[in-house]
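**Q** From the sequence below, what's the structure:
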Amino acid sequence: NMQRRKEIFFFFQAEDGIRDFCLSRGLGDVYKRQGINAEYMGIMQRNLVGLAQSLRGPLQRKSLKCFNTRIDPTTIDTMKEKTFSDNVYEFFDDAALHLNIRQDYLEVYKKCNTTLKVNLPVIRDNKTIEFIPAYRSQHKQHLLPTQGGFRLAPDLDIRASQTLACYSTFRCAVADVPFGGAGGGVKIDPRHYSQTEIERIVRRYTIEVYKKGFMGAVVDVPSPDYGTNTKIMHWMDDTIRFISAYKDINASAAVTGKAQSQGGLGIRAEAGGYGVVFVVEQVLQNEKILRRYNLQSGLKGKTFIVQGFGHQGYQIAKLLVERGAILVGVQEWNGGVYNPEGFDPVHLKEHFNRSQDITNYKYAKDSREDFSLMTYPCDMLVTAAKESQITKFNVNQLQCKMVIEAAQGSTTWIADYMLNQRNIFVLPDLLTTTGDITASYFDWLRNLEHVRSGLMMKKWTEKGFLLLTQKAAEVYGKKIEDLTEEDIASIKGPKEHEITFLAIEESLHNGYKETLDIADSAQVNLRTAVWMNAINKLHHFYEELEFLSKLSEVNI
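**A** Numbers count the residues shown, from 1 in each chain. Here you go, the predicted model:
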């Protein structure tokens, strides 16, 4: 599936143990290690997609259990860890092996369409001028506007920006949100800049990107990401409205993740965490997954560690504890705390916000000023920080039963293989992180419609429920006045955030069910299945449009 010399290893578990077949395509040769029938050698000239599909069919008909991978386990110790971008494209290639899609089409789906790079001249507080690189990438504009995170990170570069945009496209596809994918930000460490300096940087970035056509309500809509928050999105929104609100009544729709007072939903962080926890609950009710990975159903009593205690990590911890799980550890960038008896996430967050140091929390039985705490015993490890947090160097030290990826790219390609070898269940980021995408969509719609979701029907719905309840009460010889306050509250019309959360549930349930169906039919894990689902949806869009065939006809 790749135009370079590379070996593909297929492992098949038969009654006589493990056999490995190594198929190499580089110089056009196919080498037979053992047991490959000559019948299969005739397809040497095909691309790797065809080769993989031709092998899977006949071998599976012989009742062989296939758990294919492109990693040779004997060379893991000598393999170098890949970058975030490389890991994403490896996961893409893993899924593409199972799809009947032309190689040149796959390359189109993988590549980023457009990227803007600017150097921002910023005056520091000491009156010196610094030029800071900044980026905005739009992966695919098949649906507009594009949407994706805006981050402040010291390791951001043009390739990482393009990869974040790619991720956003496929997250939107999984959630069936009608956005294209985008991503970008500014290459700085916000801890080394004052608030006034960050404000100047963000406002200058907004001006540069907006005037070059890379931001706008119908073009590209940024949302909060690593190193950014609601306040930063307010600065962006204020800058855009200052530039164009006099001629564009929908200018505020160019930015999502704002507070309610600024026209947003005000629940993006809560929505992201809610989406993660909803999928976890669905998984822990699936008998097939529970049996395969030797897990117990339900969240009650399950211990978990959160790696990353920002907006997302905190919301996930709070929701899991509310559902009966026990928070036993928190890992932050400057250390972590552990207590097998559990923490109150609200109290721990208040302490962290005050001191900015989690290691001196008085209720911790153990604390570390390194990153070792995420390897402590627990049922669930929630990764809610940056990319590449679980690698080949720490994966064998993990003592969890399942990994819940609440941040993009938190597990590397090699580490994911090793987790599968250890039979540790991985809930992939491409599925779990779509809650905030759905929230961004409703945030965007709210600013276009200039009215809160459900406002027009709230009282009508409430009156209808009240009338229905009154009639039901009369049947049983009761009066409406006999109902408790709790009963009355249950028939109130829906609030805006309740509508959003229900939409997130619907979106995630559909994406989860589609992923499970693909995993069962293709006999792959959830990560490969969700990537297959996302790529297929993008391919289906282009196929119906006949875009790629027309592109080749006109030779553009």
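**Q** And the strand ranked longest in the chain, what does it pack against?
**A** For the chain, the strand with the greatest residue count under DSSP state E is strand 129-140. If contacts are counted by 3 or more CB pairs under 8 Å, 6 or more residues apart in numbering; DSSP states H and E, strand 129-140 sits against strand 114-123, strand 146-152, helix 158-175, strand 180-186, helix 195-211, strand 220-224. In short, each C-beta sits where N, CA and C put it, glycine included.
**Q** Go again with 6 Å.
**A** Packing contacts for strand 129-140, counted by 3 or more CB pairs under 6 Å, 6 or more residues apart in numbering; DSSP states H and E, involve strand 114-123, helix 158-175, strand 180-186.
**Q** How many neighbouring residues does the nearest residue to residue 115 once chain neighbours are set aside have?
**A** Leaving aside its sequence neighbours, residue 115 sits nearest to residue 137 (CB to CB, 6 or more residues apart in numbering; 4.3 Å). Neighbourhood size, residue 137 [other CB atoms under 10 Å]: 28.
**Q** so residue 137 makes contact with residue 165?
**A** Yes - with contact defined as CB atoms under 6 Å, residue 137 and residue 165 form a contacting pair (4.0 Å).
**Q** picking up where we left off before, what angle do the longest strand of the chain and helix 195-211 make?
**A** If you take axes from the mean of the first three to the mean of the last three CA atoms, to 10 degrees, strand 129-140 sits at 50 degrees to helix 195-211.
**Q** Could I have the CA atoms of strand 129-140 written out in CSV?
**A** Output of strand 129-140 as CSV, limited to C-alpha atoms (Å, rounded to 0.1, in the frame of the first residue of the first chain):
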residue,chain,number,x,y,z
ILE,A,129,10.6,42.3,18.3
GLU,A,130,10.3,38.5,17.8
PHE,A,131,9.3,36.7,14.6
ILE,A,132,7.2,33.7,15.4
PRO,A,133,6.2,31.0,12.8
ALA,A,134,2.5,30.2,12.6
TYR,A,135,0.4,27.8,10.4
ARG,A,136,-3.1,27.0,9.2
SER,A,137,-3.7,23.9,7.1
GLN,A,138,-6.9,22.8,5.4
HIS,A,139,-6.8,19.1,4.7
LYS,A,140,-9.9,18.7,2.5
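**Q** Other residues contacting that strand?
**A** Around strand 129-140, the neighbours that count as contacts under CB atoms under 6 Å, 6 or more residues apart in numbering are 112-124, 146, 158, 161-162, 165-166, 169, 180-184, 186-188, 205, 209, 214.
**Q** Give me the distance between residue 300 and residue 383.
**A** Counting by CB to CB, to the nearest Å, the gap from residue 300 to residue 383 is 22 Å.
**Q** neighbour-wise, which of those two wins?
**A** Taking other CB under 10 Å, residue 300 and residue 383 do not tie; residue 383 has more neighbours (25 against 11).
**Q** Report the contact partners of that one.
**A** Contacts of residue 383 by CB under 6 Å, 6+ apart are 307, 389, 405, 407, 410.
**Q** Likewise for residue 82?
**A** Shown in contact with residue 82 (CB under 6 Å, 6+ apart): residue 413.
**Q** how near is it to residue 408?
**A** Separation of residue 82 from residue 408 (CB to CB): 15 Å.
**Q** Excluding chain neighbours, what is closest to residue 301?
**A** Leaving aside its chain neighbours, residue 301 sits nearest to residue 324 (6.5 Å; criterion: CB to CB, 6+ apart).
**Q** burial count for that neighbour?
**A** Using other CB under 10 Å, residue 324 has 11 neighbouring residues.
**Q** Please consider this matter closed, and thank you.
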